[in-house]
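Enquirer: Model the structure of this input:
(chains A and B)
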2 protein chains.
Amino acid sequence: MQGKIRQLLSDIQTGDYKALARAITIVENSLAGYEELLLGLGEGEKGKVIGITGPPGAGKSTLVNALLRHWVNEGKRIAVIAVDPSSPFNYGALLGDRIRMNEFYNNPDIFIRSLASRGALGGLNPKIIEITDVVRQAPFDIILIETVGVGQSEVEVAGLADCTIVTLVPEAGDEVQTLKAGIMEIADIFAVNKADRDAADALYANLRIMVHQKAGAGFEIPVVKTVATEGKGITELAAAIDTFFTHAGAHKEHKLQLATEKCWQLLQAERMKNFDKVFIKQKLNDNIGKAGFNLYAFAKELLATQPVN
Amino acid sequence: MQGKIRQLLSDIQTGDYKALARAITIVENSLAGYEELLLGLGEGEKGKVIGITGPPGAGKSTLVNALLRHWVNEGKRIAVIAVDPSSPFNYGALLGDRIRMNEFYNNPDIFIRSLASRGALGGLNPKIIEITDVVRQAPFDIILIETVGVGQSEVEVAGLADCTIVTLVPEAGDEVQTLKAGIMEIADIFAVNKADRDAADALYANLRIMVHQKAGAGFEIPVVKTVATEGKGITELAAAIDTFFTHAGAHKEHKLQLATEKCWQLLQAERMKNFDKVFIKQKLNDNIGKAGFNLYAFAKELLATQPVN
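Expert: Below you'll find the predicted structure:
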């Protein structure tokens, strides 16, 4: 390992935000030292990676703010990785404005970084995995991954977190049965936000039945009611997170699942690095509409001509 | 091409549902004739592929039912591809029950097929692309792709449709600004469902401003108010879809985008076919926790040992 990269990693471990920001930039832009940096990463510090996900309108950002306030008051140090929406048709980043986190931007206990959810080649931006692992090297108590999007990346991002909070609102009640399997696989904790609304009790009751059925005689996924705009239920939610991390039972299997998912994403990024969508589009433009054009034959030919290295 | 596969394709073109179902099964399970079938696909019939997407709670399924009723009354023939949620941690399918489409299961003008949204290797199930192309060979007027999920596949599925309807509900209003870029890229038509609710007018007005800003002097994405449970606004929505397909302007570029996305997914499925998550997990289980374990070094080694063919 280069001396410079070793120094950078050691600076990150002492809590140097500038070093951390520099390391993230190296990863984000694949600058010199990128590979050495990744290969030099250790197991990481104590930081617990918490993902917050849920449909648009569930009040995720208000919930994030309320949790940040709670943890800052407890003297915790927190990194926030805000994953912004970008579509498969968009080859760059779409960094949303983060006005709603303004109150924390100058707080020395909070480190905030925005990332685009999609990589240049489609699929979950593999840099998110790598950057999360870099942030794990720093002495944060909590690493919060927040997704804001039409929904493309929620589940994939859930694959990065040690603990995933699924936020739902009373309005989602009628679809919960259909969603059952999908969200039960992802959620470590449910937050029923906007719990002061009429349908909240019904959703809460439904979720409780679902988690009870799933748990059998084992550990039940907690369901917590919150009204994030008023700070209600936040203490309870933070307590549920703490309990999750002290509950060691399912933890090893969970870590293994995460590592499998991460590894698969890394493999995919590597195997697909020679396929550029702009290039594919250009080649298609030259061929589509010609008599006898067949996409499957076209893809087959492309695979044969692009080497793997 | 084998005589049997040629016969199957020709039967599909005459509108034989049994032949279509058989072809889908061949694709779904990679049975004998799978590759010949794909390489034998033509440009397809007149069927317009329409995707319906939106967050949970937006009333997508009620909207789909209302549209089906409308089109059936107009004498149209429709295929419905229902994409069911499955998570990256789940290696199989999670076919939700489709009670809500019961009224159409025995209608001779409607063909319904459910598919799992995730492939065995993660990412959008590449079979969805292939099956949609098979269904395009049959003489349907409309091929409707409906997603039901926590949100993982909405955007990816939008990449399959000729025309994508994004369904929103008044409650989403406060997040629309943040979502702006993401949904503006996907939507060909906006449906503001549950438009009898208080906040509907504000959401409608916001969307109108957004589509106007985007359009400049060009074509504006239509915004249609619906109350799907009462069948309100459905005629207007169907008319907006018709208008979209007669508006040829942006159509060629749109088709090219779609083909690029489809091609990329096909390439990915092929390049990753030698990586099995179960195998990765097993190898990780043997190595994780060992002193000096580094996921990036592990992935690098795996890439070197798995051939590409």
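Enquirer: which secondary structure element contains residue A:191?
Expert: strand A:189-192 (DSSP states H and E).
Enquirer: which residues sit against that strand?
Expert: For strand A:189-192, contacts defined as C-beta atoms under 8 Å, 6 or more residues apart in numbering or on different chains pick out A:54, A:63, A:163-170, A:200, A:203-204, A:207, A:211, A:221-226, A:233, A:237, A:240-241, A:244. (Glycine included, C-beta is placed from N, CA and C.)
Enquirer: tell me how far it is from the chain's mean position?
Expert: Distance of strand A:189-192 from the chain centroid (C-alpha atoms, centre = their mean, to the nearest Å) equals 17 Å.
Enquirer: Stretch A:243-258 too?
Expert: 17 Å.
Enquirer: And for stretch A:226-235?
Expert: 22 Å.
Enquirer: That stretch near chain B anywhere?
Expert: No - for stretch A:226-235, no contact with chain B is found by C-beta under 8 Å from any C-beta of the partner chain; the gap never falls below 10.7 Å.
Enquirer: tell me the mean pLDDT for the strand holding residue A:191?
Expert: Mean pLDDT, strand A:189-192: 93.
Enquirer: do the helix or strand just after that strand and chain B meet?
Expert: Sequence order places helix A:200-215 as the next helix or strand after strand A:189-192, per DSSP H and E. No - using C-beta under 8 Å from any C-beta, we find that helix A:200-215 stays clear of chain B, coming within 10.3 Å at best.
Enquirer: which of the residues in helix A:200-215 are buried?
Expert: Within helix A:200-215, the residues that count as buried by 16 or more other C-beta atoms under 10 Å in any protein chain shown are A:200, A:203-204, A:206-208, A:210-211, A:214.
Enquirer: try stretch A:301-309
Expert: Buried positions in stretch A:301-309, judged by neighbour count with 16+ other C-beta under 10 Å: A:302-303.
Enquirer: And for it, what's in contact with it?
Expert: If you take C-beta under 8 Å, 6+ apart as the criterion, stretch A:301-309 is touched by A:271, A:274-275, A:280, A:283, B:263, B:267, B:270-271, B:308.
Enquirer: Can you give the contact residues for stretch A:226-238?
Expert: Against stretch A:226-238 from outside (C-beta under 8 Å, 6+ apart): A:59, A:62-63, A:65-67, A:69-71, A:165, A:189, A:191-196, A:224-225.
Enquirer: hang on, residue A:49 in a strand?
Expert: Yes - assessed by DSSP: H, G, I helix; E, B strand; the rest coil, residue A:49 belongs to a strand.
Enquirer: which residues pair with it across the strands?
Expert: Beta bridges link residue A:49 to residue A:143, judged by DSSP bridges.
Enquirer: Surely it and residue A:146 touch.
Expert: No - Residue A:49 is beyond contact range of residue A:146, at 11.8 Å (criterion: C-beta atoms under 8 Å).
Enquirer: sorry, back to before: out of the buried residues of helix A:200-215, which is nearest to residue A:259?
Expert: If you rank the buried residues of helix A:200-215 by distance to residue A:259 using C-beta to C-beta, residue A:214 comes first, at 23.3 Å.
Enquirer: thought the closest one was touching residue A:221?
Expert: Yes - judged on C-beta under 8 Å, residue A:214 makes contact with residue A:221 at a distance of 7.1 Å.
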